[in-house]
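Undergrad: model the following, please.
(one chain, ligands or ions: 1)
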Amino acid sequence: MRVSQLLNPTLREVPAEAEVISHQLMVRAGLIRKSAAGVYTYLPLGLRILRKIENIVREEMDAKGGQEVLMPVIQPAELWMESGRWNVYGDELFRLKDRHNREFCLGPTHEEIITDLIRGEVRSYKQLPLLLYQIQNKYRDERRPRFGLMRGREFIMKDLYSFDRDEAGLNESYQKMYEAYCRIFSRCGLAYRPVEADAGAIGGTGGTHEFMVLAESGENGVVYCSECDFAANVEKAECRPQVIENVVVEGERKLVHTPEIRTIDEVCGFLAVPKTSLVKSLLYQGDDKLFLVLIRGDRELNEIKLNNALGGFVSLELAPSHVVEGLLGCEPGSVGPVEVPVGLMVVADEEVPLMKKVVCGANQTDYHIVNADPSLEFRIDQIHDLRMVEPGEACLKCGAPLKEARGIEVGQVFKLGTKYSKSLGATFLDENGEEKPCVMGCYGVGVSRSLAASIEQNHDDYGIIWPMPIAPYHCIIVPVSTKDAQVVAEADKLYHELQRLGVEVVLDDRDERAGVKFKDADLVGYPLRVTIGSKTLANGQVELRERKTGETQLVSVEDVAGKIKSLIEKALSS
Ligand SMILES: [Zn+2]
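TA: Here you go, the predicted structure:
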């Protein structure tokens, strides 16, 4: 491809609305353009990258026995009503009506459609297992679409659904997909971690893993072991209680006046005790139910664990102060676990019962209790692991210290079981002629998000640095001058030679200054650049530069094509 012919509008300025680097660079490098909030057009180079990721995904799905299908974007509401999700999915579901007033949605996922297909087509255990996948647009009406392709309203996913006869079959399908995902992200040249995404996964069969591309800008916190392969989403990582020696205030248990003292820091400062001696008491509202949550003063409450422990509320939040005052008769900063009203459930993190003498709120505005004894004074109804894991804690598998990183979720493998096959009636007859529901798994790769995540992980001040396997083109040839006939002729010659060798190459034949061409080449992020100028050509040489390392070398005109070919092959095979 000649750059003069290529629709690749690059920009020097950072677009004002682009908050994250991948969004900025995709717009600046001319890969995408916005059509509406969270909805984008892929320009030629952007689409080439997308297709490469898709093809890697496709090859790995096929290698595991996956069969590609293509399901509709438009899905009838009836199926969603049958599965029970039409009403619970909420505002993120794009809903529409046809001219006959029949309701539809734009698919955010395809469990309903595929299960409907299977219930119509599968009769016997002999037809199972089935691994069916598609690469398809998905729709989610985000309240605030942002971060470019990272959180769009229209995005591209690969979704595979497995149908097995039993749990053992599901485990096999799950393992296949797990392995395929590791290969996909390795082949895309991404540094990633599969993380346990379920608090109960350790030691059990494991219900779900998320695949995280590690990048500072990632929305998800990840903890991982410095020694073994353990990694988990920080919001879901299991914790073990740590026993620590309480520092107590001199003297007996007493009620202390703490005027205008509200926050944990203020209480600790006023009473001269460390946060580890304090019990935080928080009144929470889960749907229309109130309960009191206790956690050590230095710990952060994990609301996801709290919600899981209590059975899953639709909405879970701190109770507003008027509710606190109405129930406990004090303002939120003085709430405590003593003399709790009958009927108010008290839920404590595992560490609280291990504490000896503590500071806590007194349930009277502007009063705290020092040297309270949890074992004597607190009525605790339930004890759970409710806190956030912290870096430096011991790995639950091997004891080595945990480290912290940020990650972008690009894939998830998930054991669905019989949730959809039961509600939609996707059954088969087993060897004994008995009717059973298919056991299902679902497995997603965010294809467009992987593209963005790759940029978040691979860029510098000058632009994108594509890993070779997903680069839009492997190599760009930059003739320094378009006026010098010899330079132009050599550039053309090399261009055709590389094409003959099967190298994906662009020739920057624009009548621009060399500096402009170099800037664009760095911005777009071609892995290899060949610069052809009269000075080096006088010695029969051209300059070959690697985008990733910035290393340049002079190579003879005769050798350069072979050298490029072997560099690409090496990068693609590693
Ligand atoms: Zn470990």
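Undergrad: the ion contacts on the stretch 201-350 of the chain?
TA: Applying CB under 5 Å from the ion, we find that the stretch 201-350 of the chain lies next to the ion at 225, 227, 228, 230. C-beta here means a position set from N, CA and C on the backbone, and glycine is covered the same way.
Undergrad: ok so residue 117 is a strand residue?
TA: No. Under DSSP: H, G, I helix; E, B strand; the rest coil, residue 117 falls outside any strand and is assigned helix.
Undergrad: quick one: contacts for it?
TA: For residue 117, the contact set (CB atoms under 8 Å, 6 or more residues apart in numbering) comprises 71, 132.
Undergrad: which SS class is residue 114?
TA: Going by three-state DSSP: residue 114 is helix.
Undergrad: is the residue nearest to it when sequence neighbours are not counted in a bridge, and if so with what?
TA: Spatial nearest neighbour of residue 114, excluding adjacent residues (CB to CB, 6 or more residues apart in numbering): residue 161 at 4.8 Å. Beta-bridge pairing for residue 161 (DSSP bridges): residue 132, residue 442.
Undergrad: tally of neighbours for residue 161?
TA: Residues near residue 161, counting by other CB atoms under 10 Å, number 29.
Undergrad: hmm, it is touching residue 441, no?
TA: Yes. Using CB atoms under 8 Å, residue 161 makes contact with residue 441 at a distance of 7.1 Å.
Undergrad: for residue 267, which non-adjacent residue is spatially closest?
TA: residue 261 (5.5 Å).
Undergrad: now do the same for that neighbour: helix, strand or coil?
TA: Residue 261 ends up coil, using three-state DSSP.
Undergrad: now do the contacts for it.
TA: 267, 270, 333, 366, 368.
Undergrad: ok, now residue 43?
TA: Applying CB under 8 Å, 6+ apart, we find residue 43 in contact with 7, 8, 9, 30, 31, 32, 33.
Undergrad: can you check residue 103 too?
TA: 76, 77, 95, 96, 97.
Undergrad: can you list these in a markdown table and add distance to the ion and secondary structure?
TA: Output for those, formatted as a markdown table (distance: CB to the ion, whole Å; DSSP: H, G, I helix; E, B strand; the rest coil):
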| residue | distance to the ion | secondary structure |
| --- | --- | --- |
| 76 | 48 | strand |
| 77 | 47 | helix |
| 95 | 46 | strand |
| 96 | 49 | strand |
| 97 | 53 | strand |
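Undergrad: can I have the buried ones of the residues you listed as a ChimeraX selection?
TA: Entered in ChimeraX, the line below selects the buried ones among those, by 16 or more other CB atoms under 10 Å:
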select :76,77
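Undergrad: domain parsing for this structure?
TA: The record's domain parsing of the chain by automatic domain parsing lists 3-238+403-455, 254-384, 473-573.
Undergrad: mind putting those domains into JSON lines with distance to residue 397 and mean pLDDT?
TA: Output for the domains of the chain, formatted as JSON lines (distance: least, CB to CB, whole Å; pLDDT from 0 to 100):
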{"stretch": "domain 3-238+403-455", "distance to residue 397": "5", "mean pLDDT": "93"}
{"stretch": "domain 254-384", "distance to residue 397": "19", "mean pLDDT": "93"}
{"stretch": "domain 473-573", "distance to residue 397": "33", "mean pLDDT": "97"}
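Undergrad: ok, which of those comes nearest residue 395?
TA: domain 3-238+403-455 (4.1 Å; CB to CB).
Undergrad: spell out the secondary structure type for residue 34.
TA: Residue 34, by the three-state scheme (three-state DSSP), is strand.
Undergrad: how many neighbouring residues does it have?
TA: Residue 34 has 17 neighbouring residues, counting by other CB under 10 Å.
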